[in-house]
Structure formats: structure tokens, C-alpha cells
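Asker: sequence-free structure coming up:
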């Protein structure tokens, strides 16, 4: 296990390099630059700005400079937020984004997995129909639509939860539910499909024929084996949630980093695009490593060499 884990962690380095290289090349292939949306300035002023940010250097030199700075922990200056570095922007917004993502992930897992199990155990009966209806409704409802409905009901109608802000516990409820809605439905669908597949296995019928209690069969045999494909999607879901949701953060006025990512793409803030893309790639890659390690604990038959 130790050697396998070391190899997987070392593989993160070339993965991040390839992601950063592709992102860097695509950014510079797009016509225009960080100052394209501004009013026209004098050629001398434009040259001075490019020289200040090293945009007049060859592209390969700009990339190598970014790599060296990134290795030292310096994510570079922002082209649009002159008074704040990329490190400061991420440091200010990341705690709120991670907190929202972790709460939404916890809610998604704690509701989605039981919902899928209930649907599978009550296959073709009313529990299955109700759980399937709820999951299909969640998949078909975009997060911003769910956010609007929640605000209309609980903020405008009952006036029991605030619609904006981030800080007090009551401000966490609506954003968390809105962000977790689709993920709950997705996890429930995967869990239901995986549980139905496991119930048809020979070892389940063998355990039932031996006279084991139904609860023991479900908990020790069905759920544990059904969770393997479910765990596979939990890694990317967690990475998506903890790296920010622009729509939810903007809708509820949450000071996270999700809104900066979209703004950076629109405004062509090269340094911020690079930093956010690499952070997201690192989150996805590292959580996939965690998922692979969890396989060995869920299924003892899996061995790492």
C-alpha cells in the first residue's frame, strides 16, 4: 500500500504540469488579451503594462516563469485586481467555498445514499417510486432554479431564513441545500442501480438461503459491495463542491472563489485562470487517489502492489 500510494502521489506532478501547459496554451491561442475590454490606451502605456507583467516575453518564457513561481508558492499578480495578489484572493475566498462544499457534500451523502438504498430495497413498490421521483426531480432542476424556489418559500414566504450573506449558521442552510440538490439525486440514482445489481448476485442468495437475518444481509453484504461504484463518483463530486459554485455563491452573496473563476475567464485574467484551473485539477486528482485507497477498505479482495 505504501509504495502504491507514493507512486500515485508522485504522478500528481506530471498531471498538474500537463493541465497547466494545456491551459496556458489555450489561453494564449484565444485572440485578444487581458486589456482587450478596456478603453484604448496609448501604445507606450500598453507596452509599459505588458513589460510590467512580462507579457512581452516569449510564451515559453512566460510559462517557465509561472512554473517556477508556482513551485515557490507564488501564484502571481492579478491583471484585474491590482491591489490583491492571486494568493490573497484565494486565501480570502477559499474558506467560505470549502465550508460550503463540505456541508453540501455531507448533506448529499447522508441523504443520497439512504434514498438510493430505500429505493432499491422497495423495488417496484411505493418507496421506489417516491425515491425515484425525488431523484429525477433533483436531476432535472438546475441549482439556480432550486435556489430561487428555496428563497421564495423560506425567505420571502415564511421569512425564517435569510436570502443573502454568509456567517451565521442560518445563512448556511439555503446555499447548502441548493448546491446539494443535484448531487443528492445523482448519488441516489447510482446507489439504487448498484444495490439492484448486487441483490441479483449469487452470494446474496446464498446468504439468504443460510437463514441470515435480512438486516445482516443488507448491511454486511449488499450495502458494502454496492458502495464501490458509488465511492467512485464521490471523489469528483467533492472536488466540484469544494472548488466553488459560481452560480450559488453569486446568488446568495457568498464571498468564495467560485465567482472569481468565471470573472477571470471573461476578463482574461491569465494568472487567476491558471491558479484556479490547477487547484481544481489538484483537487480532482488527489481525491481520486483517496477513492482508490478507500476501495481497499470497502472491498478486502482489492490488493495494491
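Answerer: Looks like it came in fine. These numbers were taken from a predicted model, which means no experiment stands behind them. Numbers count the residues shown, from 1 in each chain.
Asker: mind checking which helix or strand residue 106 is in?
Answerer: helix 86-121 (DSSP states H and E).
Asker: which strands and helices sit next to that helix?
Answerer: Under the contact definition 3 or more C-beta pairs under 8 Å, 6 or more residues apart in numbering; DSSP states H and E, helix 86-121 sits against helix 126-140, helix 173-199, helix 224-242, helix 246-252, helix 258-267, helix 270-298. The way it works is simple: take the backbone N, C-alpha and C, and place the C-beta from them, glycine included.
Asker: Quick one: closest of those helices to residue 7.
Answerer: Closest to residue 7 of the helices and strands packed on helix 86-121 is helix 270-298 (C-beta to C-beta; 10.0 Å).
Asker: May I see the buried residues of that closest one?
Answerer: 270-289, 291-292, 294, 298 (16 or more other C-beta atoms under 10 Å).
Asker: Rounded mean pLDDT for it, please.
Answerer: Mean pLDDT, computed over helix 270-298, is 80.
Asker: Helix 224-242 and that helix, what's the angle between them?
Answerer: 160 degrees (axes from the mean of the first three to the mean of the last three C-alpha atoms, to 10 degrees).
Asker: re the thing from before, mind putting the helices and strands packed on helix 86-121 in a markdown table, distance to residue 110 included?
Answerer: A markdown table is the format used below for the helices and strands packed on helix 86-121 (distance: least, C-beta to C-beta, whole Å):
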| stretch | distance to residue 110 |
| --- | --- |
| helix 126-140 | 15 |
| helix 173-199 | 9 |
| helix 224-242 | 12 |
| helix 246-252 | 19 |
| helix 258-267 | 23 |
| helix 270-298 | 17 |
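Asker: if you compare the ones you listed, which one is most tucked away?
Answerer: helix 173-199 (a mean of 23; mean count of other C-beta atoms under 10 Å).
Asker: And the closest residue to residue 176 other than its chain neighbours, how close does it get to residue 109?
Answerer: Spatially, and ignoring its direct neighbours in sequence, residue 176 is nearest to residue 103 (4.5 Å; C-beta to C-beta, 6 or more residues apart in numbering). Distance, residue 103 to residue 109, using C-beta to C-beta, to the nearest Å: 11 Å.
Asker: do residue 135 as well
Answerer: For residue 135 relative to residue 109 (C-beta to C-beta), the value is 14 Å.
Asker: Residue 76 too?
Answerer: Using C-beta to C-beta, residue 76 is found at 36 Å from residue 109.
Asker: OK, contacts around the closest residue to residue 139 other than its chain neighbours?
Answerer: Excluding the flanking residues, the one nearest residue 139 by C-beta to C-beta, 6+ apart is residue 185, at 4.4 Å. Shown in contact with residue 185 (C-beta atoms under 8 Å, 6 or more residues apart in numbering): 112, 134-139.
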